[in-house]
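> Need the 3D shape of this:
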Amino acid sequence: MKKGLTIYGIIAILFILYGIYLYQPNSIIPTDPVLIKVEIKGGILLPGTYQVSPKDTLEDLIGYAGGFSENAIKDEIKLDEVLMDQTIYIIQEYVRFEKININTATKDELQMINGIGPVTAEAIVIYRIKHGPFIYLEDLMKVNNIGEKTYEKIKDYITL
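This next block holds a predicted model:
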């Protein structure tokens with residue numbers, strides 16, 4: 001009887017040890033990946049907020065955002081810069097502007113040209129009424145208040 005209890009005892013101990021072995025927690029505990037939140041805007045196709053790996057670079061983020069827009073200024077961007085949490089990245093853009101037609105522009109439109117105020121804009125409109133449309137851009141210097149200095153300042157922003 002003692003022999004039978006001993007065998008049952010050994011079997012019970014083996015089952016207990018086997019059970020402990022099966023339910024032992026793994027040394028590798030799976031965890032969710034750590035992500036950081038960054039925002040990108042400006043000269044990019046898909047501006048917005050992205051959750052990315054802390055190992056990602058600005059080049060990765062630009063890729064996630066669809067790449068550069070047509071007007072993006074790429075010259076001074078450090079593509080290998082590692083991203084920082086809660087940071088806004090702005091890709092600079094070339095500003096496109098439409099030249100203003102001095103033969104058709106209203107007084108308000110003419111005033112959008114840096115160097116043309118309300119008095120000069122009015123003078124341009126009156127000159128057009130009296131003399132007809134401008135033939136050459138330089139003819140603008142025939143208008144009161146527009147001398148050579150003013151013309152040089154505005155010539156890149158006007159057209160016929």
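
> Could you look up the next helix or strand downstream of the helix or strand containing I88?
Using DSSP states H and E, the element containing I88 is strand 87-91. For strand 87-91, the following helix or strand on the C-terminal side (DSSP H and E) is strand 100-101.

> Leaving out sequence neighbours, find the closest residue to N103.
Closest residue to N103 apart from its sequence neighbours, by CB to CB, 6 or more residues apart in numbering: P133 at 4.1 Å. For the C-beta atoms, the positions are set from N, CA and C on the backbone; glycine is no exception.

> After the top strand by length along the chain, which helix or strand is next?
Ordering each strand of the chain by length in residues (DSSP state E) puts strand 36-42 first. Going down the chain from strand 36-42, the next helix or strand is strand 48-52, by DSSP H and E.

> Now do that next one: which elements does it pack against?
Using 3 or more CB pairs under 8 Å, 6 or more residues apart in numbering; DSSP states H and E, the elements in contact with strand 48-52 are strand 36-42, helix 58-64.

> and Y89, what are its bridge partners?
For Y89, the beta-bridge partners under DSSP bridges are I40.

> still on that earlier bit, what's the burial count for the residue nearest to N103?
Number of residues near P133 (other CB atoms under 10 Å) recorded here: 12.

> what about it, which helix or strand?
Assigned by DSSP H and E, P133 belongs to no helix or strand.

> which parts of the longest strand of the chain are buried?
Residues of strand 36-42 classed as buried by neighbour count (16 or more other CB atoms under 10 Å): I36, V38, I40, G42.

> Confirm for me that the second one is in contact with V82.
Put plainly, it is V38. No. Between V38 and V82 there is no contact under CB atoms under 8 Å: 10.9 Å.

> Nearest residue to the residue nearest the centre of the chain in space, ignoring adjacent ones along the chain?
In the chain, the centroid-proximal residue (CA atoms, centre = their mean) is K41; its distance is 2.0 Å. In space, and not counting its chain neighbours, K41 is closest to P47: 4.0 Å by CB to CB, 6+ apart.

> For that neighbour, give me its contacts.
When contacts are counted by CB atoms under 8 Å, 6 or more residues apart in numbering, P47 is found next to E39, I40, K41, A65.
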